[in-house]
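In: Could you work out the structure for the sequence below:
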Amino acid sequence: MNHIIDILDNAPLASLSEVELQAIRAHAANCIDCARAFEAAQLTAMLLKERTSEAAESALNASPFFQTRVLAAWREQRSTGGAWSLRRLWNTTGALVASMAATTAMLAVFAFAAPSETTNQVQAAAVPYSAESIVFDQEQDDHQLTNDQVIGAVYDADEDK
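Out: Sure, this is the predicted structure:
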């Protein structure tokens, strides 16, 4: 009994194969509960078919201006959608854009307003050892110029010209 009801519950009656329908009919001839379930499934399929055909007929028999009104409303909605989409975009991303602009402005101020001599002095104070002293394991003599100091002096002299 559960087998027939399971078949009817799991698939629409119209999608059942002829073999399944014959098995259901043969079983329903001997089982009253399955016969009722099969009749209910047939009635449901018939009602659904009638209802869909009525819906299709009513859609075809709509007033002649129905399509015109629907298309006009759709066009109006699309024409006003552009401004609203930009507003929604700004509402969504406005805070992010503002914070990115503020960060960019602060970085520009730090990059252009900080004097280059101060940054060179800070770098020299932060790194007391030259590359030669580390590579060749030599002691740094305060009176001896390093390559960095020589290159810096040469290029700073060129920038002043």
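In: which ones are touching the residue nearest to residue 42 when sequence neighbours are not counted?
Out: In this structure, residue 42 finds its nearest non-sequential neighbour in residue 13, 6.4 Å apart by CB to CB, 6 or more residues apart in numbering. All C-beta spots, glycine's among them, are computed from the backbone N, C-alpha and C. For residue 13, the contacting residues are 41-42, 44-45, by CB atoms under 8 Å, 6 or more residues apart in numbering.
In: Buried subset of those as a ChimeraX selection?
Out: The buried residues among the contacts of residue 13 can be selected in ChimeraX (16 or more other CB atoms under 10 Å) with this line:
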select :41
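In: could I get the contacts of residue 13 as TSV with secondary structure, distance to residue 110 and pLDDT?
Out: Output for the contacts of residue 13, formatted as TSV (DSSP: H, G, I helix; E, B strand; the rest coil; distance: CB to CB, whole Å; pLDDT from 0 to 100):
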residue	secondary structure	distance to residue 110	pLDDT
41	helix	77	85
42	helix	81	86
44	helix	75	84
45	helix	76	84
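In: Columns distance to residue 155 on top of the contacts of residue 13, output as CSV?
Out: Shown next, in CSV, are these (distance: CB to CB, whole Å):
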residue, distance to residue 155
41, 92
42, 95
44, 90
45, 90
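In: biggest separation within the contacts of residue 13, which pair?
Out: By the measure CB to CB, 42 and 44 form the most distant pair in these, at 7.3 Å.
In: Can you give the contact residues for stretch 78-97?
Out: Residues outside stretch 78-97 that contact it (CB under 8 Å, 6+ apart): none.
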